[in-house]
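1. let me see the structure of the following:
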Amino acid sequence: MKTKVSIIGSGNIGADLMIKILDTSKNLELVSLVGIDPDSEGLAIAKNRGIDTTHEGIDDFINMDSYKEVKIVFDATSAAAHEKHDKILREDGKQIIDLTPAAIGPYTVPVVNMEEHLGEENLNLVTCGGQATIPIVFAVNRVAKVRYSEIVSSVASKSAGPGTRANIDEFTQTTAKGVEVVGGAERGKAIIILNPAEPPMLMRNTVFTLCDLIDEEKIRFSVENMVSEVQKYVPGYKLKQEVQFERFGSNNPCIIPGYGKFEGIKSSIFLEVTGAGHYLPKYAGNLDIMTSAALGTAERLSKLKFS
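-> Numbers count the residues shown, from 1 in each chain. The predicted structure is shown next:
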């Protein structure tokens, strides 16, 4: 029997996740899509696919006939809205998968630490930049201690809807914290760039790490293995070029403002994410990696907690 799920948020992320569940999931049954805009395209698609909908938010959602049957709720709204949703859904015993940067529940990256948090009521998927870069920071850190990491996510401006734009400040804070808590870096920094170029660019991510001295081939091997793991649920995820290295010794230390002198290896890793094109254009890899992570997390929860 399939696990019944619902999505709150009928924007770009919610709509793409809906299509993924309806067209690709073997273990999940989407029963409702909840929004606040009666004219949203996501709600229109849901109605055409026979899915229950409401444009009156969570207040109407909890009164829908199908609500009692729902085991997992995806929240694809905003960090501020999620705080309200979390309280209501927890009281009703729902499993929450949070696609906002609210970070109420533990940071969860499927290939890194999902197994550790399967018992939690609320799982936070960090951010799109976090899903793309934290696995790489973790890959470096598992072979050599990462002292500092800085990530830069560049996404097409067209792929950033109102929800994404409302979350920009939370994005940088949450991603930087995720780089530390999940990636393992002693200190992390995150930057997001909304690029208005035409035609729209694919999502690009640059990961810089400063780690202790080690054989560079061990870092390269670990990173390439991690990329292969991510590709199992995000096929469009790839390295743009080989990992680049630079060594710093006592005679030429790297000086980082606010950190000080560093001696060791600087690794530069360049990534690209092409979306699957289920609902959103392929340039929206930043949204695709979030919905893919959400789907993978829910599939795992379905098998372990609700089957």
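2. sec struct for the residue nearest to residue 141 when sequence neighbours are not counted, please.
-> Spatially, and ignoring its direct neighbours in sequence, residue 141 is nearest to residue 184 (3.5 Å; CB to CB, 6 or more residues apart in numbering). No exception for glycine: its C-beta is placed from N, CA and C like everyone else's. Using DSSP: H, G, I helix; E, B strand; the rest coil, the structure places residue 184 in coil.
3. let me see the ranges of the helices in this protein.
-> 12-24, 41-48, 57-61, 79-91, 110-113, 128-141, 162-166, 168-181, 216-231, 285-305 (DSSP state H).
4. ramachandran angles for the residue nearest to residue 141?
-> phi 100, psi 0 (degrees, to the nearest 10).
5. what's the spacing between residue 135 and residue 112?
-> Distance of residue 135 to residue 112, computed by CB to CB, to the nearest Å: 6 Å.
6. let me fix that, I meant to ask about residue 261.
-> 30 Å.
7. return stretch 56-63 as CSV; C-alpha atoms alone will do.
-> The C-alpha trace of stretch 56-63 is given here as CSV (Å, rounded to 0.1, in the frame of the first residue of the first chain):
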residue,chain,number,x,y,z
GLU,A,56,-6.9,28.8,1.6
GLY,A,57,-3.7,27.5,3.1
ILE,A,58,-3.2,25.2,6.0
ASP,A,59,-6.3,26.3,7.9
ASP,A,60,-8.5,24.7,5.2
PHE,A,61,-6.0,21.8,4.6
ILE,A,62,-6.6,20.5,8.1
ASN,A,63,-10.3,20.4,7.5
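8. list the buried ones in it?
-> 57-58, 61-62 (16 or more other CB atoms under 10 Å).
9. then stretch 23-37?
-> By 16+ other CB under 10 Å, the buried positions in stretch 23-37 come out as 25, 27-36.
10. what's the overlap in contacts for residue 135 and residue 112?
-> Taking CB atoms under 8 Å, 6 or more residues apart in numbering as the contact rule, residue 135 and residue 112 both touch residue 183.
11. related to what we said a few turns ago, from the buried residues of stretch 56-63, pick the one nearest residue 99.
-> Nearest to residue 99 among those, counting by CB to CB, is residue 58 at 15.1 Å.
12. and the pLDDT at that closest one?
-> Looking at residue 58, its pLDDT reads 98.
13. that one and residue 175, how far apart?
-> Relative to residue 175, residue 58 is positioned 26 Å away (CB to CB).
14. next one: residue 124
-> 12 Å.
15. find residues that contact each of those two.
-> Here residue 124 and residue 175 have residue 101 as joint contacts, going by CB under 8 Å, 6+ apart.
16. how many neighbouring residues does the residue nearest to residue 117 when sequence neighbours are not counted have?
-> Using CB to CB, 6+ apart and skipping the chain neighbours, the partner closest in space to residue 117 is residue 106 (4.9 Å). Around residue 106 sit 15 other residues, with neighbours defined as other CB atoms under 10 Å.
17. would you agree residue 103 is in contact with residue 124?
-> Yes. If you go by CB atoms under 8 Å, residue 103 and residue 124 touch, sitting 5.0 Å apart.
18. which of the two has more neighbours?
-> The residue with more neighbours, out of residue 103 and residue 124, is residue 124; 27 against 21, by other CB under 10 Å.
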